[in-house]
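J.: only geometry, no sequence info:
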């Protein structure tokens, strides 16, 4: 779990509780020290960027299938850089996305929390401007975004597909939301059960959230954030027809935060778009065609989870029969393991379909009922999982 500093500190206005400093109170010595520090920091970041950018080019292949009529875009819409409270340069985020097999990212630095402001000028569009060329050169869709950072309620929100993040500076959270919506923003409620804001870890909707929904301003909620996930979000999204999302919210180097073997992939949102363009991505998000993918869990609407599961697996015809049993194979062509449980009476009660593997199934001929299982790690509701049938 991240602490308050990593996700952005808060004040009554929503910022980091930073005390205003005036230049005339600083000694020349302090100014020189800060200038030297800034030069060293920028030099180090540029050096790291040059080294890592030279390695960019090898894109990891993620076996996450398309749906009929749509391409599956692998996305992370919640990332930080040195332009708020992150520890990496913007182009590093692009390089990480390439190596991790993503199609789209959003750099969403905090509007109200800029702890590096004494060393790095405050420009809420800077990270997006800096990363644009690298993103284009590496076929990564770079979504222009920013994080609205307020106490709960309302909490933290990402404004995606904005035009000018500097216009999101205002005392009133509601005024900021309206300014984002005027720019055509997709508004995402971040980590609604974050324990720094909800100590029991349970997401709650307050009057301002219902007002956002009533006005058509809220478009998605993070089911997954970093290593956490919130099943109750599925109830919220189902009731209000909102997109189910999952993002890393990473502030540090991605490969260190989500390192194997503990993690097989970074948290991401799967978006089912008509094509790989920024316009199609935006259309798909507003339409809610998403699944959250965190650790080994998929979560989202059944209308997307079910066809996605069947695109991942194929059931072969029986290759052997004897007096007692039927033998057939199930191929999982995806990177996601599927845990099938609660099988019908007489059949194997549980089956694990390992990623990119073929699983042999031996079925007693006494079993005449359909082979219907619950997929334990595919959530379609707060207390619901996907039901599937293996047709051999």
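T.: Everything's here; your move. This one's a predicted model, so the numbers in the text were calculated from it and none came from an experiment.
J.: give me the number of residues near residue 214?
T.: 10 (other C-beta atoms under 10 Å). C-beta: built from backbone N, CA, C; applies to glycine.
J.: how near is it to residue 271?
T.: Per C-beta to C-beta, to the nearest Å, residue 214 is found 26 Å from residue 271.
J.: Residue 230 now?
T.: Taken as C-beta to C-beta, the span from residue 230 to residue 271 is 20 Å.
J.: Looking at these two, which has the bigger crowd around it?
T.: residue 271 (28 against 23).
J.: For the most centrally placed residue in the chain, list the residues it contacts.
T.: The chain has residue 247 as the residue nearest its centroid, 1.8 Å off, counting by C-alpha atoms, centre = their mean. The neighbours of residue 247, taking C-beta atoms under 8 Å, 6 or more residues apart in numbering as the test, are 76, 77, 78, 79, 190, 222, 224, 225, 267, 268, 269.
J.: Would you format the residues you listed as JSON lines with secondary structure and pLDDT included?
T.: Below are these laid out as JSON lines (DSSP: H, G, I helix; E, B strand; the rest coil; pLDDT from 0 to 100):
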{"residue": "76", "secondary structure": "strand", "pLDDT": "98"}
{"residue": "77", "secondary structure": "strand", "pLDDT": "98"}
{"residue": "78", "secondary structure": "strand", "pLDDT": "98"}
{"residue": "79", "secondary structure": "strand", "pLDDT": "98"}
{"residue": "190", "secondary structure": "coil", "pLDDT": "98"}
{"residue": "222", "secondary structure": "strand", "pLDDT": "98"}
{"residue": "224", "secondary structure": "strand", "pLDDT": "98"}
{"residue": "225", "secondary structure": "strand", "pLDDT": "98"}
{"residue": "267", "secondary structure": "coil", "pLDDT": "98"}
{"residue": "268", "secondary structure": "strand", "pLDDT": "98"}
{"residue": "269", "secondary structure": "strand", "pLDDT": "98"}
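J.: Kindly reformat those as TSV and extend each row with neighbour count and distance to residue 235.
T.: What follows is these, written out as TSV (neighbours: other C-beta atoms under 10 Å; distance: C-beta to C-beta, whole Å):
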residue	neighbour count	distance to residue 235
76	28	24
77	28	21
78	28	21
79	29	27
190	24	18
222	32	14
224	25	15
225	27	17
267	27	20
268	29	22
269	29	19
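J.: Okay, helices next: where are they in the stretch 51-200 of the chain?
T.: 90-99, 126-137, 173-182 (DSSP state H, counting those that start in this stretch).
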